[in-house]
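> Using only what follows, build the 3D model:
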Amino acid sequence: MPQNLLVAQSGGPTAVINSSLCGIVEEATQHGQVKGIYGAVNGILGVLHEDLVDLRQEDPSSIRSLRKTPSAALGSCRYKLSERDFNRLLDVLTAHGVGYFLCAGGNDSMDTAHKVYKMAAEKRLDLKVMGVPKTVDNDLPVTDHCPGYGSVARFNAIATRDSSLDTDAIYTSDTIKIIETMGRDTGWITASTSLAKETEDSGPHLIYLPERPFIEGKFLNDVKEVYDRLGRVVLAVCEGLKDENGRFVKASTKGIDTDKFGHAQLGGVGDYLVNLISEKLKIKARYDKAGTIQRVSMQCASQVDIDEAYRVGQVALLKALEGESDKMVTLIRKRSDPYVSDTGLVGLDKIALKTRSVPDEFINKDANFITKEFIDYATPIIGGPLPEYARLNKMRLERKLMPYT
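As a prediction, this is how the structure comes out:
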C-alpha cells in the first residue's frame, strides 16, 4: 500500500544539500510506493509544529533547479529532541500517513533520525527512517567523505590562493595574513586550504588544526621562521583551535551563543592571533574570515559534490522503499585516479553524535601543515583543477645607478 514520504533538512546549510533533496524528490516520483511527497519546514521543528509542505505541488523545473541552488530550500534548524517531543512527533507522522522519513544532516541530525526510528519502533509504527549525509565539517565516521565537503574545500582552496596572491603583492605593508576557517572539533575544512599551494614558497605556508594542541611559543617560532625566509607569511587556522588543556583558544562565553546541543559559537581566532603576532613579534598582521559564506557558495561548488549529494538522496529513498531503516547512506571510494565512488549503508547508531577527526597520516610531524596523503585524498572531490592564474617571469633590467637607500 502506498505511503507518504517526509523529508527534513537539518543543521548548517551547504552548497549541495538541496541536490540531495532533488535526488530524493525526483526518485520518489518514479515509484508507485510513494504517495505524498512532503517536506518539513525548518527540519524536525517543522514536524513538531506540523508545518509541512506538499512537494508534489512544486513545479518540476524548480525541483530540478535545486541541484544548483545553495542553502536549505526547506529551511533548517538545530534542535535536540526531548522526551516531551516524542508523542507529538508520532502524532504528526501518523496523522499524515508518513511511512518514510528521510533526514539530511550531520552528527546531531543522525542522532535525531535514530531517535525517531527507536521511538516509532517502540510504538510499533511502520516507519522507515533513513539518514542522508550532509556536513561541510566532513566529520561523519565510516563514510569516505561527506556531501558538502568537496564544495567548501574548493571554496577555501580558491580563497586561500587569492588571499596569498594579495599578500604576495603588498607584503611590504601587509606582511602576515591569517585565514580563519570554520570547523568546530575537526580541521578538515582548514586542511583544504593546502590545496591552494602551488610552489614551496607560495601560500599557505602554515596550517593549524584542532587535532593538535595550539602551543603559543611554537606557533610564534613557526611564523618567525617563515617570515625571516620569505618576508611574508600566509597561514590558515581553524576556528576550533584548542590549547594544551583542550580548551578552545577562542569561543563565545555568552549563553545566547550556545545551541540546543550545547555547542558554543566559535570565531575570533584570527583576530586573537593577529594581536598575538603584533605584540610578541612586532610584525603587522591581518586576517581574512569568510564566515558562513564558505559553506554555501554555489559559485565554488564542486560538480563531484553536487552529483554525489544527488546520488545519496536517491539511494536513501530507494533503500527505504526496499525496507531498510535506521541507516545512513555512505560514500565509498573505489579509486582516486580517475575518481570513482559507490554508496553503502551504515547503522545510524554508528554515526549519531560521533566524530571523525583528521587522521594522523594527514598531518605533518611538526603539526603545522598537511601531508601529501591528504592532498591525494581531497583533490579528487573538489571538482577538477583550481582556476589557472598567470605568473610573470619578472625579468629584471640591469641596474645603471647606485642602490637607493
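
> Run through this protein and note the low-pLDDT ranges.
251-267 (pLDDT under 70).

> Break down it into its helices, ranges please.
For the chain, the helices defined by DSSP state H cover 17-28, 43-48, 60-65, 83-95, 107-122, 149-169, 188-191, 216-230, 269-281, 293-296, 303-321, 372-378.

> nearest to C238, of those helices?
Distance to C238, taken as Cβ to Cβ, is lowest for helix 188-191 among the helices of the chain, at 4.1 Å. To be clear about C-beta, it is placed using only N, CA and C from the backbone, and glycine gets the same treatment.

> Once you drop chain neighbours, what's closest to V116?
V129 (5.6 Å; Cβ to Cβ, 6 or more residues apart in numbering).

> Just list whatever residues bridge to the one you found.
Counting by DSSP bridges, V129 forms beta bridges with F101.

> from memory it sits against K118, does it?
No: assessed by Cβ atoms under 8 Å, V129 is found out of contact with K118, at 9.1 Å.

> if you skip the residues just before and after it, what's nearest to E50?
With Cβ to Cβ, 6+ apart, the residue lying closest to E50 is V92, at 5.2 Å.

> More neighbours: which of V129 and K118?
V129 (26 against 15; other Cβ atoms under 10 Å).

> before we move on, the earlier item: tell me how far the residue nearest to E50 lies from A104.
Applying Cβ to Cβ, to the nearest Å, the value for V92 to A104 is 19 Å.

> what's the answer for L397, then?
From L397 to A104 the distance is 60 Å (Cβ to Cβ).

> Neighbour count: those two, which is higher?
Shown here are L397 and A104; by other Cβ under 10 Å, A104 has more neighbours (34 against 5).

> Please verify my assumption that that one contacts M328.
No: counting by Cβ under 8 Å, A104 does not reach M328; the two are 10.1 Å apart.

> shared neighbours, those two?
G131, V132, P133 (Cβ atoms under 8 Å, 6 or more residues apart in numbering).

> Give me the spatial nearest neighbour of the first one, chain neighbours excluded.
If the residues on either side of it in the chain are set aside, G131 comes closest to M328, at 3.4 Å by Cβ to Cβ, 6+ apart.

> try the second one
Among residues not flanking V132 along the chain, A104 sits closest, at 3.9 Å (Cβ to Cβ, 6+ apart).

> can I assume the residue nearest to G131 is in contact with M110?
Yes: using Cβ under 8 Å, M328 is in contact with M110, at 5.9 Å.

> overlap in contacts of those two?
In contact with both M328 and M110: G131, L140, L348, I351, using Cβ under 8 Å, 6+ apart.

> what's the most distant pair in these?
L140 and L348 (10.9 Å).

> Which one's more surrounded, those two?
It is L140, of L140 and L348, that has more neighbours when counted by other Cβ under 10 Å, with 29 against 24.

> Look up the closest residue to the more buried one, ignoring the ones flanking it.
C146 (5.2 Å).

> State the phi and psi torsions of the one you found.
phi -120, psi 140 (degrees, to the nearest 10).

> quick thing: my sequence starts at 51, can you match it?
Taking 51 as the first residue, the last one we looked at is C196.

> Kind regards, and thank you for your time.
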